[in-house]
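Participant: This is the structure alone, sequence omitted:
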Ligand code: GLV
Ligand code: MN
Ligand code: MN
């Protein structure tokens, strides 16, 4: 099978134009631009001879016939400030492989764009529900940082839904191509990463409530300042984590909402995201204990009310050896000596699919290791190399 680089790049840029802002893309899950992109993608699938299928949460499949097929894809929703390749690269390489395979009379290849991989409602929401990681009823009750429920968000796509969730057994395996989003391939001037494993993640919303009051008249010793609580929590946490983390462990407070967020008001409430990632599930659990304990201590000392939201997360997973081998052989054939095996520090829908089928992932380099940023980019030649390696891997598996 011979994928067509020009056709692939043209499609990739067409998707980029939907929700384009500066050099990046703003297409968060269930936004008008996200839905527009999914409708455009469904039309592209149809033109490629695939049958578009929207499931109840807006995951979009392009099905190759009714029998079993290999599934390839990623996601087309973006972060609130997203790069143009995160997710889009995997979906558009998949579409090109499906086209090329059809033209060459190759194996049946279905395509997917999962919904809300970027976690407006937690972590890889669409593939989590599809794979049975969390029930639809429970997911419907989750809210985004503005308080919108998942049920209300997905209702925006109700008119498009084709039917119930597809049976994962119709797919023989899943491969996701993605940009690395980290510095290794770029630093070592390598063209391809064959992923060995994906780290686990935990994500939890934490609320500290004190007393909103006047910033000029309230003496420091009488304040119950929610921001001061958050600030102390963060400092203590960084200190305590030192005893349990290693160089791969990461943790982030990436979203903070202070109420009422006024310069002359002692903040009465701080709601913030607490996320941590590591390849070892035991370490993730230990970190959770430290987070809960530290928050409790700070809240007690400062007379703040503390509450924890639902603990969301995914376990670490390893990639299927046979699929990995097919991609590794294809990489060695395409760019001999210029590829590596590597773990993924970013989360991907692949983690959820591992529950049902053999899975594998392929990385293309990210310039400067930058992602979740409008500046995210990859050299065109590297985008095309990844496409060819993916095609080589699929051909080997057939
Ligand atoms: C997915 O984009 C992640 O946060 O790793
Ligand atoms: Mn992604
Ligand atoms: Mn992402």
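Facilitator: Ah, there it is. Please read these numbers as outputs of a predicted model, since none were measured by experiment. Numbering: from 1, shown residues only. Ligands and ions are numbered 1, 2, ... in the order given.

Participant: end to end, how far does stretch 196-212 reach?
Facilitator: The separation between the terminal residues of stretch 196-212, taken as CA to CA, to the nearest Å, is 49 Å.

Participant: ok, and does it reach over to ligand 2?
Facilitator: No: using CB under 5 Å from the ion, stretch 196-212 stays clear of ligand 2, coming no nearer than 11.5 Å. The C-beta positions use only the backbone N, C-alpha and C, and glycine is treated the same way.

Participant: Report the distance from that stretch to the chain centre.
Facilitator: 16 Å (CA atoms, centre = their mean, to the nearest Å).

Participant: Now do it, average pLDDT.
Facilitator: Per-region confidence: stretch 196-212 scores 98 on mean pLDDT.

Participant: hmm, that stretch touching ligand 1?
Facilitator: No: judged by CB under 6 Å from any ligand atom, stretch 196-212 makes no contact with ligand 1; its nearest approach is 7.3 Å.

Participant: Skip the chain neighbours and tell me the closest residue to residue 347.
Facilitator: Across the structure, with CB to CB, 6 or more residues apart in numbering as the measure, the residue nearest residue 347 apart from its sequence neighbours is residue 201 (5.4 Å).

Participant: Can you classify the one you found as helix, strand or coil?
Facilitator: Following DSSP: H, G, I helix; E, B strand; the rest coil, we place residue 201 in the strand state.

Participant: give me the residue from the stretch 1-150 of the chain nearest ligand 1.
Facilitator: Using CB to the nearest ligand atom, residue 118 is the residue of the stretch 1-150 of the chain that sits closest to ligand 1, at 5.4 Å.

Participant: doesn't residue 83 make contact with that residue?
Facilitator: No: between residue 118 and residue 83 no contact is recorded; they are 11.0 Å apart, counting by CB atoms under 8 Å.

Participant: more crowded one of these two?
Facilitator: Summary of the neighbour comparison: residue 118 and residue 83, criterion other CB atoms under 10 Å, with residue 83 having more neighbours (26 against 23).

Participant: so what's that one closest to, chain neighbours aside?
Facilitator: Spatial nearest neighbour of residue 83, excluding adjacent residues (CB to CB, 6+ apart): residue 376 at 2.5 Å.

Participant: Point out where the stretch 251-398 of the chain drops to low pLDDT.
Facilitator: For the stretch 251-398 of the chain, no stretch has pLDDT under 70.

Participant: That one: helices as residue ranges?
Facilitator: Using DSSP state H, counting those that start in this stretch, the helices assigned to the stretch 251-398 of the chain run over residues 281-301, 321-334, 350-353, 380-397.

Participant: that older thread, for the residue nearest to residue 347, grab the count of nearby residues.
Facilitator: For residue 201, which is what you asked about, the neighbour count (other CB under 10 Å) is 23.

Participant: Return the backbone torsion pair for residue 248.
Facilitator: Dihedral angles phi and psi of residue 248 (degrees, to the nearest 10) take the values phi -90, psi -20.

Participant: For residue 79, give its distance to residue 141.
Facilitator: 23 Å (CB to CB, to the nearest Å).

Participant: Those two: who's more crowded?
Facilitator: residue 79 (22 against 11).

Participant: Could you list the residues of the stretch 1-150 of the chain in contact with ligand 2?
Facilitator: Counting by CB under 5 Å from the ion, the stretch 1-150 of the chain sits next to ligand 2 at 86-87.

Participant: let's see 6 Å
Facilitator: 75, 86-87, 117 (CB under 6 Å from the ion).

Participant: out of those, who's nearest residue 277?
Facilitator: residue 117 (15.2 Å; CB to CB).

Participant: The residue of the stretch 1-150 of the chain closest to ligand 1 falls within a helix, correct?
Facilitator: No: assigned with three-state DSSP, residue 118 falls outside any helix and is coil.

Participant: phi, psi of it?
Facilitator: For residue 118, the backbone dihedrals are phi -80, psi 0 (criterion: degrees, to the nearest 10).

Participant: Same question for the one 5 residues further on.
Facilitator: As for residue 123, its main-chain torsions (degrees, to the nearest 10) stand at phi -140, psi 120.

Participant: Redo the residues of the stretch 1-150 of the chain next to ligand 2 as CSV? Include distance to residue 331.
Facilitator: What follows is those, written out as CSV (distance: CB to CB, whole Å):
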residue, distance to residue 331
75, 23
86, 21
87, 21
117, 24
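
Participant: any idea which of those residues is closest to residue 38?
Facilitator: Checking these against residue 38 by CB to CB gives residue 75 as the nearest, at 10.4 Å.

Participant: how many other residues sit next to that closest one?
Facilitator: Here the number of neighbours of residue 75 (other CB under 10 Å) works out to 28.

Participant: Then residue 184?
Facilitator: Other residues within reach of residue 184 by the criterion other CB under 10 Å amount to 17.

Participant: nearest residue to residue 87 other than its sequence neighbours?
Facilitator: residue 75 (3.9 Å).

Participant: Which residues of the stretch 251-398 of the chain lie near ligand 1?
Facilitator: Within reach of ligand 1 by CB under 6 Å from any ligand atom, the stretch 251-398 of the chain has these residues: 346-347.

Participant: Tell me where the stretch 1-150 of the chain has strands.
Facilitator: Chain-ordered strands for the stretch 1-150 of the chain, with DSSP state E, counting those that start in this stretch as the definition, fall at 20-21, 24-25, 51-54, 60-63, 69-75, 109-114.

Participant: Pick the most buried one from these.
Facilitator: strand 109-114 (a mean of 30; mean count of other CB atoms under 10 Å).

Participant: Now do that strand: which elements does it pack against?
Facilitator: Using 3 or more CB pairs under 8 Å, 6 or more residues apart in numbering; DSSP states H and E as the contact criterion, the elements in contact with strand 109-114 are helix 32-47, strand 60-63, strand 69-75, helix 88-103, helix 125-130.

Participant: quick one: the residue nearest to residue 347 from residue 241, how far?
Facilitator: Taking CB to CB as the criterion, residue 201 is separated from residue 241 by 16 Å.

Participant: Kindly report the same for residue 339.
Facilitator: In this view, residue 339 and residue 241 are 33 Å apart by CB to CB.

Participant: more crowded one of the two?
Facilitator: Set side by side, residue 339 and residue 241 show more neighbours around residue 339, with 23 against 17, by other CB under 10 Å.
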